[in-house]
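K.L.:
model the structure of this input:
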Amino acid sequence: MSDERRQFTRVHFHVYAEINCQGEIINGRVVDLSLKGLFVYTDKKIEVGEVVEVKLRMPLTNPPLEFHLRAEVMRNTETGIGFRIAESDVQSFTHLRNIVAMQAEDPDQVLEELLPKQ
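P.N.:
Predicted structure coming up:
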């Protein structure tokens with residue numbers, strides 16, 4: 001997907017990821033994320049269209065943060081997997097929103113992305 005088609009602010013952010021795909025645990029590292037997607041560096045591949053559970057871990061925060069997402073595999077590359085976030089609980093979405101807003105060049109734009117288009 002080209003950057004022009006993306007409708008959500010994407011930021012560089014490095015955090016550990018644990019992907020649960022049909023009971024197999026795949027470890028990786030998130031390198032960028034948005035309110036609707038993320039890219040995880042890993043040498044593993046998962047079939048496009050597969051829906052997985054993704055746990056993001058931030059062990060250096062106090063207290064350490066973990067949040068959980070359901071995500072669909074959109075693409076595989078030589079360096080990792082691109083996901084579309086399909087679902088998250090309120091607490092996990094709040095963490096995600098705060099991270100993206102804090103890392104974005106225009107935090108107000110991130111908040112506007114949450115509003116329905118008219």
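K.L.:
are we agreed that Leu96 is in a helix?
P.N.:
Yes: under DSSP: H, G, I helix; E, B strand; the rest coil, Leu96 falls within a helix.
K.L.:
and it, how far is that from Gly49?
P.N.:
Distance from Leu96 to Gly49, counting by Cβ to Cβ, to the nearest Å: 22 Å. Where C-beta positions appear, they are placed from N, C-alpha and C, glycine not excepted.
K.L.:
comparing these two, which residue is more hemmed in?
P.N.:
More crowded of Leu96 and Gly49, by other Cβ atoms under 10 Å: Leu96, with 21 against 8.
K.L.:
show me where pLDDT drops low in this protein?
P.N.:
Within the chain, the stretches with pLDDT under 70 are 1-6, 9, 11, 59, 104, 106-118.
K.L.:
Arg84 reaches Arg70, doesn't it?
P.N.:
No: counting by Cβ atoms under 8 Å, Arg84 stays clear of Arg70, with 10.1 Å between them.
K.L.:
now the strands for this structure?
P.N.:
11-21, 24-33, 37-41, 51-58, 65-76, 80-88 (DSSP state E).
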